[in-house]
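Trainee: For reference, the sequence and a predicted model appear below.
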Amino acid sequence: MGPIIITLSDFCKKKLIFMVTNLYDYLRDVCQDSLAANIQERVVNAQTILYQPPQRVTPIFEVVRGVVKVGSHSSKGEEVTHYILKPGDFFGNLQYLNVGFAEFAKTLTAVQLRAYNPSFFRTVTTQYPEVSEWFAKKLVGRWYQAEKQLFTVTGLNAQEKVARTLIQYEGIIEDAGGRKLLLRELLTLQDIADLTGMTRQTVSKVVKRIHAIS
């Protein structure tokens with residue numbers, strides 16, 4: 001049997017003509033009849049592993065409400081935090097990356113997710129310029145966040161690193177149950193240490209110093 005070729009007409013019968021700001025809202029307007037087969041809503045409890053090595057082929061996930069941690073495991077099997085994902089962030093499906101790369105995704109709160117069929121997601125993000133532009137903006141935004149994090153790790157002193165990270169994760173997040181939570185209170189000292197390239201002990205000392213000053 002030959003390869004299955006999927007075209008956008010299989011999913012969306014209407015022409016995409018507006019600027020995309022929210023992918024799901026946009027797709028709901030232009031191809032509502034196809035959403036149920038290709039996008040599933042999920043509510044997941046806090047501290048749930050969404051995927052972990054060796055799993056690589058997953059849906060494309062969108063965080064709707066709540067917070068998700070993405071990271072890897074050290075040689076000792078300990079969690080190492082790479083990103084803290086908030087509503088509007090996308091993640092998952094590592095099949096295009098180097099086979100040596102592996103990560104886990106874990107909920108920090110009760111989370112509402114949208115799980116996109118990878119074929120559907122790939123089709124709508126490659127065949128139409130409007131959605132491609134939205135996707136490009138998402139990628140550039142993620143690169144920018146990665147560059148800021150790299151600068152935090154390499155270009156600041158210990159107190160500046162912690163202060164910058166705490167500011168980055170200020171704000172209130174609503175979880176899947178509607179509870180309002182302070183985002184920075186969801187981070188452990190180890191999370192902050194991973195995000196800043198320091199040890200947990202150093203972060204603890206710096207946090208105490210910052211609190212004493214304030």
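Mentor: Yep, that arrived.
Trainee: What does the residue nearest to residue 113 when sequence neighbours are not counted show for phi and psi?
Mentor: Leaving aside its sequence neighbours, residue 113 sits nearest to residue 42 (C-beta to C-beta, 6 or more residues apart in numbering; 4.6 Å). Every residue, glycine included, has its C-beta placed from N, CA and C. For residue 42, the backbone dihedrals are phi -130, psi 140 (criterion: degrees, to the nearest 10).
Trainee: ok, now the one 5 residues further on?
Mentor: Summarising the backbone geometry of residue 47 under the convention degrees, to the nearest 10, its torsions are phi 60, psi 40.
Trainee: Kindly state the pLDDT recorded for it?
Mentor: If you check residue 47, the pLDDT there is 97.
Trainee: How about the contacts made by it?
Mentor: Taking C-beta atoms under 8 Å, 6 or more residues apart in numbering, we find residue 47 in contact with 106-108.
Trainee: just to revisit the earlier point, do I have it right that the residue nearest to residue 113 meets residue 112?
Mentor: Yes. The pair residue 42 / residue 112 is scored as a contact, 7.3 Å apart, by C-beta atoms under 8 Å.
Trainee: measure the residue nearest to residue 113 to residue 114 for me?
Mentor: To residue 114, residue 42 is 8 Å away according to C-beta to C-beta, to the nearest Å.
Trainee: neighbour count winner among those two?
Mentor: The residue with more neighbours, out of residue 42 and residue 114, is residue 114; 18 against 14, by other C-beta atoms under 10 Å.
Trainee: List the residues that contact that one.
Mentor: Contact analysis of residue 114 by C-beta under 8 Å, 6+ apart lists 24, 39-42, 61-62, 64.
Trainee: ok, 7 Å please
Mentor: 24, 39, 41, 62, 64 (C-beta atoms under 7 Å, 6 or more residues apart in numbering).
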